[in-house]
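*Asks:* build the 3D model from these lines:
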Amino acid sequence: MGRCAIYNLQFGWQGFAYVSCLWRHRNVKKVVTVFTLTAFLYVTLWLTQNGHDEQLRARNLGLKINIIKWSAGGETERSDSNRRIFFHETSGRSDLSLRQTCAVESAAKHNPDRPVQVFMTADRLEYSSPWLEVLQHYANVTIVVMDMKSYFASTPLERWYNEGEWRASIHKIVHLSDYVRVLTLLKGGGMYMDLDYVTIKRLDEELLWNFLLFETADMKLVTNSVLHLERGHRLIGEMIQRLVKYYDANEYMWHGPSMVSTVMSRTCAVKRGQPDSNNCTDVRLLPHDYFAPISNTEWELLFSDATDERLGRLKNSSYAVHCWSGKSKGEHLKVHSNQLYAALAREHCPHTIALGAADYLA
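*Replies:* Numbers count the residues shown, from 1 in each chain. All right, here's what the predicted structure looks like:
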């Protein structure tokens, strides 16, 4: 090589200077080889340092969890996505809390033949907390890393996202969550669940297909915390249209349960407190106890003693238990206690319990 000594091959301009030197010496074959190697090293370093190759980072840490970056028309939008169960973490945090991890684990545990997707909005995932170690026990779980601007691009909700009025709202995380879950349904269909459910048995695909749920026993409000709509269902379009047309930064529920209830009223003639008034044959309205046997006004029961009778009643009547994180987050879930929530967690998310704190799940 003469004056183009190999020790001059470094990242930065010196690397390119080395290539130029080789070119001047007409060593074309070596130029191509070194240039290819240099480009590969640059790309690898850039991907790793900027968190764009999370799957590689996971493998380097010995984790087997499937992690993908969302891309239009990619793995998250296949024709079989109507069977998927999906969750969203929209606060921007880079991991899941242990209670959220329990929600995903319990769904994956009871539905091993269905894809379970966890959409994350963080720029980079957190590997020091136990969530990925827990979820790697389930081959049906995939972590989907989202670039939100790209996710909203070329959709009816792109303008809402880009104009950004929602970013100034005190409810911005809730509003983003309300919008993005409907957008995910638009892109692929499937069953959405909030991250504060504990699934307690297999989800019946025949019954729980194209369904919505009443939030409480009075049947006055239809929730958006759990639902299934297949890709292309007309109600998804109705919801999208309403989200495009009406946005109020000051309203908490306007774009969630209130929006879904309004759509059902206008499209299917559903009357408050009258489930039989639904005239849409392509969507079921289910009673609250299927997923919310404990109401949001009774959430303290989750931290009361778990009796065999109560546990048996839940298993017979419900597919999951809504744990109302907005109200219960300040309460310690003591994993070795007889609390109802703890008893459910021990049975339905055992790996979360095994890797959780010694005394409680935050």
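
*Asks:* can we go C-alpha only for contacts and neighbour counts from here?
*Replies:* Fine.

*Asks:* now the strands for this protein?
*Replies:* 66-69, 85-89, 116-120, 141-145, 190-193, 197-199, 211-214, 222-229, 284-286, 320-322, 333-334, 360-361 (DSSP state E).

*Asks:* any idea which of those strands is most buried?
*Replies:* With neighbours taken as mean count of other CA atoms under 10 Å, those reach their highest mean count in strand 197-199, at a mean of 27.

*Asks:* packing partners for it?
*Replies:* Helices and strands touching strand 197-199, by 3 or more CA pairs under 8 Å, 6 or more residues apart in numbering; DSSP states H and E, are helix 98-110, strand 320-322, helix 340-348.

*Asks:* would you mind giving those as JSON lines with mean pLDDT and distance to Glu215 added?
*Replies:* JSON lines is the format used below for the helices and strands packed on strand 197-199 (pLDDT from 0 to 100; distance: least, CA to CA, whole Å):
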{"stretch": "helix 98-110", "mean pLDDT": "97", "distance to Glu215": "18"}
{"stretch": "strand 320-322", "mean pLDDT": "98", "distance to Glu215": "10"}
{"stretch": "helix 340-348", "mean pLDDT": "96", "distance to Glu215": "19"}
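
*Asks:* I'd like these written out as a markdown table, with distance to Leu212 added.
*Replies:* Output for the helices and strands packed on strand 197-199, formatted as a markdown table (distance: least, CA to CA, whole Å):
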| stretch | distance to Leu212 |
| --- | --- |
| helix 98-110 | 18 |
| strand 320-322 | 14 |
| helix 340-348 | 24 |
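
*Asks:* coming back round to it: what's the closest of the strands of the chain to Cys102?
*Replies:* Nearest to Cys102, of all the strands of the chain, is strand 197-199, at 6.9 Å by CA to CA.

*Asks:* what pairs with the closest one, and is each one parallel or antiparallel?
*Replies:* strand 320-322 (antiparallel) (DSSP bridges).

*Asks:* what sits up against the partner strand?
*Replies:* The contact list for strand 320-322 (CA atoms under 8 Å, 6 or more residues apart in numbering) reads 196-201, 290-294.

*Asks:* distance from that strand to the middle of the chain?
*Replies:* Chain-centre distance of strand 320-322: 17 Å, with CA atoms, centre = their mean, to the nearest Å.

*Asks:* ok, now stretch 320-338?
*Replies:* Counting by CA atoms, centre = their mean, stretch 320-338 comes out at 20 Å from the chain centroid.

*Asks:* what comes up buried for it?
*Replies:* Residues 320-325, 328, 333-335, 337 are the ones in stretch 320-338 that count as buried (16 or more other CA atoms under 10 Å).

*Asks:* returning to that earlier point: Met219 is nearest to which of the helices and strands packed on strand 197-199?
*Replies:* Judging these by CA to CA, what sits closest to Met219 is strand 320-322, at 16.2 Å.

*Asks:* can you redo the contacts of strand 320-322 as JSON lines with pLDDT?
*Replies:* What follows is those, written out as JSON lines (pLDDT from 0 to 100):
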{"residue": "Asp196", "pLDDT": "97"}
{"residue": "Tyr197", "pLDDT": "98"}
{"residue": "Val198", "pLDDT": "98"}
{"residue": "Thr199", "pLDDT": "98"}
{"residue": "Ile200", "pLDDT": "98"}
{"residue": "Lys201", "pLDDT": "97"}
{"residue": "Tyr290", "pLDDT": "97"}
{"residue": "Phe291", "pLDDT": "97"}
{"residue": "Ala292", "pLDDT": "96"}
{"residue": "Pro293", "pLDDT": "96"}
{"residue": "Ile294", "pLDDT": "95"}
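
*Asks:* which stretches in the chain count as helices?
*Replies:* Here the chain has its helices, by DSSP state H, at 13-24, 28-49, 54-60, 98-110, 131-135, 148-152, 158-163, 172-188, 234-245, 257-268, 308-317, 325-328, 340-348, 350-355.
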